[in-house]
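Colleague: Need a 3D model of the sequence below.
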Amino acid sequence: MGFLQTAFLFSLAALAIPLLLHLFSRWQTQKIELGTIRFLREVLTENVHRRRIRRWLLLTTRMLLLGVLALLFARPFFFEATRRDGDRRRVILIDRSASMAMRGTQGKAIDVAMEKAIGAAKELGEDAKIDWAWFDSKVYPFQPREGRLVLSTSDYGSTSGNTNYASAIAWARDRLAEDNRAKSDVVMITDLQRQGLGDPTDIHFPPDIPFQIIDVGREAASNLAVTRIDLAVGPLEVRRPQSPVRTDTSGKSVGVDRTPYNPSVQGAVRPEQSVFVHTTLFNYGPMHREDVPLVVTAKQGSKSARVKTTINALPEQATESQIEIGRLGLGPWEILVEADVEDDLSVDNRRMHAVAVEEAPRILLFGEQNPEETGTSSSFFLSKALRQGLERDQPRFSLQMVSNSDALQALSSPEKWKTVILTDATDIDRPLLVSLEQYVFQGGQVLAFTGQKGGAIGATKWNGSPIAPGRFDRLRNAGVVPFRLTPNALGHSILQPFDDPQTGDLQRLSFRKAIAIQIANGAKQLASFDSDLPGIVEQIYEKGRVVWFLSDAGDAWSSWTSSPLYLPLVHQMVSDLAGLTGEGPIRFRAVGDARSMASQGSKGDSNAETLTPAKFNASIGNKDSELSANKQIDSVFAEVGFVREDNSLYVVNTPEVESDTVRMTESDLRSAFALMEPTESSIATAGNDIKLIKKQELWPWLAALMLVVLVFEFGLSNRTPP
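Modeller: Below is the predicted model of the structure:
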């Protein structure tokens, strides 16, 4: 203890004043003559004792009052050791990957991890800064609920992602770099799954920051996983069981094929085709599992089809099986494959897929009525190309040909046609041009070849049209060196399959003639015939689109009809306009994959809903079942299931690599990322090693004590006679 104003301590000498007054009053006596004191003696004796006690109390009170007053002016204080706010910082990382759903002797690993995280937070004082985060393939910062340090199952959401230690450690590194003055450390609670090591080369975690690892996992004794689903419209060859191929960070073989999951059939299936589900079941355990029930369910609204079979799963091998669902009705179908078994990790016992059953897109081709008679016209080559199939000899399109004279009547019902193809755009009349403009305005798609009948003079009728690629000029002849088709926008969906020159070099296509144009504002040049001659131009008008090919579709101006690239290029242009390129309405994602920007901007949109496997099974056969919309759409797909948004059906699965529950040691993780191991003393004194010594003054307490003593002295003095 100390005093800020020590000079006032000399005022304590004033304590002698009440003491001297008290002693002086004892020498004063007063004689009273009484006739008799027989009965008064006893009363006086009793009053003397009471008066003596009260006087001593009054003396003590007055001396205390003076002493407190002297101390109040001297301003006493004592030294208090407290933690400096902000000088202690801890990052707590909690693994919430799919393998954390595995049960142990103390319950689920994720539940044990939450208890350990709370204990790590309680080691520090209330004023310490703690950064909380869940992690799987991504990092999800959060704060415990205000007012209490409690974590529950509703806080971590779904345990269905794959582990990525690199992203979690990098996030912790960046958080601690924000304040390098604080005494910091990191606590990671995980099951030490080996496949989550990733690439640690670019992390560079500070070597002087303690990194504590708390292991809550265990070895899996039994795990069956549905690792792959393929859909086909016919039987596939069932391959023999395959052994896993695992690799560690050095490339050494240690066991699981890390090939990413890519469905083999993403396009539409025709109503007349029978659907086969080809399933790969991997047994990660050491025991042979016989007659494993495998259930395949296809669902569309209230309609569903379910097929059940059994499969024998050999130890540490992949076993394949295929089940025929049969023909499905029109529309998108959600498909769920489940292995009905009890094992250590249930999240990978199921996998989802989807397929769209659609009629072939209806294509309207303007050209000659009977092109087979000539065998050389543009209509002949285009009709032959579009009636051929690229896969299993199935025609991709439903083609109808009309002459230019009958085209106007055919366009009276534009909703019937996915795409309209003009074999000779320069040879149409004005009424048909106006009808085409209206068709594109309403969302129609047009593929227009300039052709060779009308030539440059016939093309001038398009000048000023909103669906024209620009202003038509004149016919250009190549001369000795032919024009070569050179892509200018390789990222475009039409040209994307031709990115690799070894498989699709469009410059091998040569042309002798082409019609020159001055490209309109807003039109996009996809390919050119030379540096200043556009070849393929895209023009967007309101809801629709027109792709212009500024040469002939036949062999009049080119020999490209005999090239192996003719059929793929024609199919690609028509498919893109018909909506068959890109991902289409059914899209496949893994947990942790980013949503589209449109999805992120539609938070709270009632059109976005997640159909988890539990909801999927519960809704089968229930016509009145309604799935509530997600109230919050995160920037990533956080759980497995079917998600409807952006007019698309997203199929979200757990990454296949998360089924590999092979563990590593704590030292393996430390050596991979060069993490500092904390000492026992640093862990034990984590909450007590940063102190601030400050002066705590006592004058508020002394002022309160003085007030109490003053009241007590006033009452006592009034009751004590002189």
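
Colleague: For residue 308, give me the backbone phi and psi.
Modeller: In terms of degrees, to the nearest 10, the main-chain angles of residue 308 are phi -130, psi 140.

Colleague: For residue 356, which residues count as its bridge partners?
Modeller: Legend: beta-bridge partners of residue 356 under DSSP bridges are residue 268, residue 332.

Colleague: Was I right to think it contacts residue 331?
Modeller: Yes. If you go by CB atoms under 8 Å, residue 356 and residue 331 touch, sitting 7.2 Å apart. The C-beta positions use only the backbone N, C-alpha and C, and glycine is treated the same way.

Colleague: Which one of the two is surrounded by more residues?
Modeller: The neighbour comparison of residue 356 against residue 331 (other CB atoms under 10 Å) goes to residue 356, with 17 against 13.

Colleague: Could you list everything residue 642 pairs with in the sheet?
Modeller: Here residue 642, judged by DSSP bridges, has bridge partners residue 611, residue 651.

Colleague: so where do the strands sit in the stretch 551-700 of the chain?
Modeller: 586-590, 609-611, 641-645, 648-653, 692-697 (DSSP state E, counting those that start in this stretch).

Colleague: quick one, which of those is nearest to residue 88?
Modeller: Distance to residue 88, taken as CB to CB, is lowest for strand 692-697 among the strands of the stretch 551-700 of the chain, at 11.3 Å.

Colleague: May I ask which helix or strand of the chain has the lowest mean pLDDT?
Modeller: Ranked by mean pLDDT, DSSP states H and E, the weakest helix or strand in the chain is helix 597-600, scoring a mean of 43.

Colleague: re the thing from before, the strands of the stretch 551-700 of the chain into TSV, with extra columns for distance to residue 297, mean neighbour count and mean pLDDT?
Modeller: Shown next, in TSV, are the strands of the stretch 551-700 of the chain (distance: least, CB to CB, whole Å; neighbours: other CB atoms under 10 Å; pLDDT from 0 to 100):
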stretch	distance to residue 297	mean neighbour count	mean pLDDT
strand 586-590	17	19	88
strand 609-611	12	20	54
strand 641-645	12	22	87
strand 648-653	14	22	90
strand 692-697	64	11	67
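
Colleague: Now distance to residue 174 too, for the ones you listed, in CSV please.
Modeller: Rendered in CSV, the data for the strands of the stretch 551-700 of the chain read as follows (distance: least, CB to CB, whole Å):
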stretch, distance to residue 174
strand 586-590, 24
strand 609-611, 30
strand 641-645, 30
strand 648-653, 28
strand 692-697, 28
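
Colleague: ok, and the closest non-adjacent residue to residue 401?
Modeller: Counting by CB to CB, 6 or more residues apart in numbering, residue 365 is the residue found nearest to residue 401 once chain neighbours are left out, at 4.6 Å.

Colleague: Tell me how many other residues crowd that neighbour.
Modeller: Neighbour count of residue 365, defined by other CB under 10 Å: 24.

Colleague: again, but for residue 200
Modeller: Applying other CB under 10 Å, we find 19 residues neighbouring residue 200.

Colleague: So it is in contact with residue 673, correct?
Modeller: Yes. Using CB under 8 Å, residue 200 is in contact with residue 673, at 4.7 Å.

Colleague: what do the two both touch?
Modeller: 165-166, 169 (CB atoms under 8 Å, 6 or more residues apart in numbering).

Colleague: Go through those residues and flag which are in strands.
Modeller: Of these, none are assigned to strands by DSSP state E.

Colleague: Ranking by neighbours, what's the top pick from the residues you listed?
Modeller: Using other CB under 10 Å as the neighbour criterion, residue 169 leads the shared contacts of residue 200 and residue 673 with 26 neighbours.

Colleague: Partner strands of the one helix or strand residue 529 maps to, with direction?
Modeller: Assigned by DSSP states H and E, residue 529 belongs to strand 524-530. Strand 524-530 has its sheet partners listed here by DSSP bridges as strand 486-487 (antiparallel), strand 533-541 (antiparallel).

Colleague: Kindly format the C-alpha coordinates of the longest one as CSV.
Modeller: Coordinates of the C-alpha atoms in strand 533-541 are reproduced here as CSV (Å, rounded to 0.1, in the frame of the first residue of the first chain):
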residue,chain,number,x,y,z
LEU,A,533,-13.0,-10.4,-91.6
PRO,A,534,-15.4,-11.6,-89.0
GLY,A,535,-16.3,-15.3,-89.2
ILE,A,536,-18.7,-16.1,-86.3
VAL,A,537,-20.6,-13.3,-84.6
GLU,A,538,-23.1,-13.4,-81.7
GLN,A,539,-25.9,-10.9,-81.5
ILE,A,540,-28.2,-10.7,-78.5
TYR,A,541,-31.6,-9.0,-78.9
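
Colleague: which residues of the stretch 51-200 of the chain score low on pLDDT?
Modeller: 80-86, 145-157 (pLDDT under 70).

Colleague: how about the helices in it?
Modeller: Per DSSP state H, counting those that start in this stretch, the stretch 51-200 of the chain carries helices over the ranges 109-122, 153-156, 165-177.

Colleague: do the same with the stretch 551-700 of the chain
Modeller: For the stretch 551-700 of the chain, helices defined by DSSP H, counting those that start in this stretch occupy the ranges 566-577, 597-600, 613-619, 666-673, 680-684, 699-718.

Colleague: Just the buried residues of stretch 186-201, please?
Modeller: 186-198, 200 (16 or more other CB atoms under 10 Å).

Colleague: hey, C-alpha coordinates of it in PDB?
Modeller: Output of stretch 186-201 as PDB, limited to C-alpha atoms (Å, rounded to 0.1, in the frame of the first residue of the first chain):
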ATOM      1  CA  VAL A 186      -3.500 -21.500 -31.900                       C
ATOM      2  CA  VAL A 187      -5.500 -24.400 -30.700                       C
ATOM      3  CA  MET A 188      -6.800 -26.900 -33.400                       C
ATOM      4  CA  ILE A 189      -9.200 -29.700 -32.500                       C
ATOM      5  CA  THR A 190      -9.300 -32.300 -35.100                       C
ATOM      6  CA  ASP A 191      -9.300 -36.100 -35.900                       C
ATOM      7  CA  LEU A 192      -6.000 -35.900 -37.700                       C
ATOM      8  CA  GLN A 193      -7.300 -37.300 -41.000                       C
ATOM      9  CA  ARG A 194      -4.400 -37.800 -43.400                       C
ATOM     10  CA  GLN A 195      -6.100 -36.900 -46.600                       C
ATOM     11  CA  GLY A 196      -6.600 -33.400 -45.300                       C
ATOM     12  CA  LEU A 197      -2.900 -32.400 -45.500                       C
ATOM     13  CA  GLY A 198      -3.300 -30.900 -48.900                       C
ATOM     14  CA  ASP A 199      -0.300 -28.700 -50.100                       C
ATOM     15  CA  PRO A 200       1.500 -27.100 -47.100                       C
ATOM     16  CA  THR A 201       4.300 -25.600 -49.200                       C
END
